[in-house]
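Student: Provide a 3D model corresponding to the input given below.
(chains A and B)
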Amino acid sequence: MIEVEGLTKRYGRATAVDGISFRVEKGEILGFLGPNGAGKTTTMRILTCYLPPTEGAARVAGYDVFAQPMEVKRRVGYLPETPPLYPDMEVAEYLDFCARIKGVPGRERRRRVADAIEKCRVGDVRHKLIAKLSKGYRQRVGLAQAILHNPDVLILDEPTAGLDPKQIIETRELIRGLGGSHTVILSTHILPEVSMTCGRVVIINKGRVVAEDTPDNLTRRLKGAGTTRIEVRGDEATVLEAVRAVPGVIAAHARGGHDGTAVVDVEAEAGRDVRAELAWAIVTKGHGLVGLQQLGMSLEEIFLHLTTADAEEPAPAA
Amino acid sequence: MTSLRNIAAIFGKEWRHYFGSPIAWVALFVWTMLFGVFFYFSFSFFLEQSMRIAQQGMEYGGGGMKISLNEYLIRPLFHNLAVVALFVAPMLTMRLFAEEKRQGTIELLATSPITDWQVVVGKFLAASGLYSLMILAGLVNVALIWTYATSTPEWKPVATGALGLFLLGACFLAMGTFVSTLTKNQIVAGILSFCLFLGMWTLGWADDPTSGPVMKAVAYLGVTTHLEDLVKGVIDLKDVVFYLSVITFGLFLAHQSVESQRWRA
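Tutor: Predicted coordinates:
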């Protein structure tokens, strides 16, 4: 549904997007992940025909964003980072205007507006001025605007930014519900969001794609079983020594402790579960094992690992 | 068809902004009030003059000459209102694009299946629509003459004067639409527009009998130069073409500006 090939965007000397390529299949929800300033918004603006690319090509729903922008615009719903709202209009009035300029035929307009209002749960503020709405409602009105013309492709730039936890959960559910019938790209720098809503993740940093996979695969591939955190009653130095002697353990780091308890993070070889051996080693040395917890590698760690890795260290991307 | 629908949608939205905010009301209030004041002064002057001439006529015998309503009322009235238009036009155009840019709603317009031309034309028509409404509201004053005059005055100079006033204002509105695309700040847009309008206005002052061909050409570009004939009741094609050209040029600049800003962004 969306094909991006070697897309580059330069602003004068600065390169915002540097030859990125990816594909999104029909009905997929793709998470676009990266630190602020990584080029997420620029990429989305190119896909919605707001900005022309400097180099490369992007096709949305089979149409080139550069050669056939009108066809693309008809099939794309876009929610920019700040929802594009007119504060002096009422919600229903605003959505009616959006439906007009998005080419929704007159007979269907009422129904489409009512649909979008219902889907985004903004019915109770239908006749309120947008200026008087809370951040959460504004975001939802923005989302309603994006799905109004029933587009094939939805491009959402940080759809949950500024929402409270309950609203975030609702918005995620809404987006998940839109997947399947719509192809969705959403950008975020909130990681749990990606693992909860997206089928696939593209991580970009400094304008380049550094990784692309499902959230689960990314987690698994990078660090195997990952890290185990143990809490031991005993002397830190001897605990470290005992733990390091366990076969399969790569490293052990003290994480501090209190009241005679040491907390140690143990890194094991990929794919190897060393918990039983650890417990055995500690107990036989005469220490008291208070806690043992498998940390794994969270998306946060992967993300930091990928986006802060030194240039000479090859990124473990596909 | 679609393009007309899109233009209508933009028109409706702008109209809504005008009347949903104090802008339209303030503009209408200021305009109709000044229209009334100028009408009152011109009309008093006209009455005074005709009275004086009538007295002279009685003193020296004979009916005395009739003084022209156009000369003493319609012409000064429209000239004064042209000055008011100079001040009111920036009020109507300064927010057209500047506000969309500030709010980020320009992104909505730019990513909707609607062309930049449709947006520019829709906005310009909304501003000229409000401006026409202002002129019509002001003409109520003039209609009073018809109600109370013993002999029906000529309506043609009034109609052509109003047309001239409209065309002059529409030039300002088109240029103001362009200036509004240049900045995010309404106030800056308003001030710049006013300076530009003033410049367009003063070009006409270059016209004086001693000036050379270059100054004559400059004077020809002045917006007030072409108002002369229209307020006298004469529709000269070259004046109308001049105004329409300036309007087209302003809209063209606005369109180029909107389009190019995305390329440079």
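Student: and B:F29, how close does it get to chain A?
Tutor: 19 Å (CB to the nearest CB, to the nearest Å). Yep, even glycine has a C-beta here, placed from its N, CA and C like the rest.
Student: hey, where'd the helices end up in the stretch 1-150 of chain A?
Tutor: Under the criterion DSSP state H, counting those that start in this stretch, the stretch 1-150 of chain A carries helices at the ranges A:40-47, A:69-75, A:91-101, A:106-119, A:135-147.
Student: who touches the third one?
Tutor: What it means is helix A:91-101. Residues outside helix A:91-101 that contact it (CB atoms under 8 Å, 6 or more residues apart in numbering or on different chains): A:85-86, A:89, A:109, A:112-113, A:116-117, A:122, A:125-128, A:130, A:133, A:141, A:144-145, A:148-149, B:5-6, B:8-10, B:12-13, B:16, B:108-109, B:112-114.
Student: what do you get for the first one?
Tutor: Residues outside helix A:40-47 that contact it (CB under 8 Å, 6+ apart) are A:2, A:4, A:7, A:9, A:16-17, A:20, A:32-34, A:51-53, A:58, A:60, A:65, A:76, A:78, A:80-81, A:155, A:157, A:185, A:187, A:204, B:107.
Student: please list the residues of chain B that sit near chain A.
Tutor: B:2, B:5-6, B:8-10, B:12-13, B:16-17, B:20-21, B:103-115, B:262-263, B:265 (CB under 8 Å from any CB of the partner chain).
Student: swap the cut-off to 10 Å and go again
Tutor: Residues of chain B lying near chain A by CB under 10 Å from any CB of the partner chain: B:2, B:5-6, B:8-10, B:12-13, B:16-17, B:19-21, B:99-100, B:103-115, B:118-119, B:122, B:262-265.
Student: show me the shaky parts of chain B.
Tutor: Applying pLDDT under 70 to chain B flags the ranges B:61-66, B:264-265.
Student: need the residue closest to the centroid of it.
Tutor: B:G169 (1.7 Å; CA atoms, centre = their mean).
Student: tally of neighbours for A:P69?
Tutor: Residues lying near A:P69 (other CB atoms under 10 Å in any protein chain shown) number 21.
Student: over to the one 10 residues further on?
Tutor: Other residues near A:L79 number 26, with proximity taken as other CB under 10 Å.
Student: follow-up on the earlier one: make a ChimeraX selection of the buried ones in the residues of chain B next to chain A.
Tutor: The ChimeraX command for the buried members of the residues of chain B next to chain A (criterion: 16 or more other CB atoms under 10 Å in any protein chain shown) is given here:
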select /B:6,9,10,12,13,16,17,20,99,100,103,105,106,107,108,109,110,111,112,113,114,115,118,119,122
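Student: so where do the helices sit in the stretch 101-250 of chain B?
Tutor: Listed in chain order, the helices of the stretch 101-250 of chain B (DSSP H, counting those that start in this stretch) span B:106-110, B:116-148, B:156-180, B:186-202, B:213-220, B:227-231, B:237-264.
Student: tell me who's in contact with B:S260.
Tutor: The contact partners of B:S260, taken as CB atoms under 10 Å, 6 or more residues apart in numbering or on different chains, are B:T181.
Student: could you dump stretch B:105-113 to CSV, C-alpha only?
Tutor: Extracted C-alpha coordinates of stretch B:105-113, given in CSV (Å, rounded to 0.1, in the frame of the first residue of the first chain):
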residue,chain,number,x,y,z
THR,B,105,-4.2,24.4,9.6
ILE,B,106,-2.4,25.2,6.4
GLU,B,107,-1.3,21.6,6.7
LEU,B,108,-4.9,20.5,6.6
LEU,B,109,-5.6,22.5,3.4
ALA,B,110,-2.3,21.4,1.8
THR,B,111,-3.0,17.7,2.4
SER,B,112,-6.6,17.8,1.3
PRO,B,113,-7.5,17.1,-2.3
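Student: wait, which of the helices of the stretch 1-150 of chain A is closest to A:D273?
Tutor: Closest of the helices of the stretch 1-150 of chain A to A:D273 is helix A:40-47, at 36.5 Å (criterion: CB to CB).
Student: coming back round to it: distance to A:T214 added to the helices of the stretch 101-250 of chain B, as TSV?
Tutor: Below are the helices of the stretch 101-250 of chain B laid out as TSV (distance: least, CB to CB, whole Å):
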stretch	distance to A:T214
helix B:106-110	31
helix B:116-148	40
helix B:156-180	48
helix B:186-202	48
helix B:213-220	70
helix B:227-231	71
helix B:237-264	35
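Student: quick one on the thing from earlier: any chance of a markdown table for the helices of the stretch 1-150 of chain A, columns distance to B:Q49 and mean pLDDT?
Tutor: Shown next, in a markdown table, are these (distance: least, CB to CB, whole Å; pLDDT from 0 to 100):
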| stretch | distance to B:Q49 | mean pLDDT |
| --- | --- | --- |
| helix A:40-47 | 65 | 91 |
| helix A:69-75 | 62 | 92 |
| helix A:91-101 | 53 | 95 |
| helix A:106-119 | 57 | 92 |
| helix A:135-147 | 61 | 91 |
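Student: which residues sit in contact with A:D115?
Tutor: Taking CB under 10 Å, 6+ apart, we find A:D115 in contact with A:108, A:144, A:147-148, A:150.
Student: compare the residues you listed and tell me which is most surrounded.
Tutor: With neighbours taken as other CB under 10 Å, the top of the contacts of A:D115 is A:A144, carrying 25 neighbours.
Student: my read: it touches A:K102, true?
Tutor: No. Between A:A144 and A:K102 there is no contact under CB atoms under 10 Å: 11.9 Å.
Student: pull up the overlap in contacts between those two.
Tutor: A:G77.
Student: just checking, A:E71 touches A:Y63?
Tutor: Yes. Assessed by CB under 10 Å, A:E71 is found in contact with A:Y63 at 4.2 Å.
Student: tell me the secondary structure at A:E212.
Tutor: With DSSP: H, G, I helix; E, B strand; the rest coil as the basis, A:E212 sits in strand.
Student: and the one residue in the stretch 101-250 of chain A that gets nearest to chain B, how far from A:G37?
Tutor: Per CB to the nearest CB, A:I101 is where the stretch 101-250 of chain A lies closest to chain B, at 4.5 Å. Remark: distance between A:I101 and A:G37 (CB to CB, to the nearest Å) = 31 Å.
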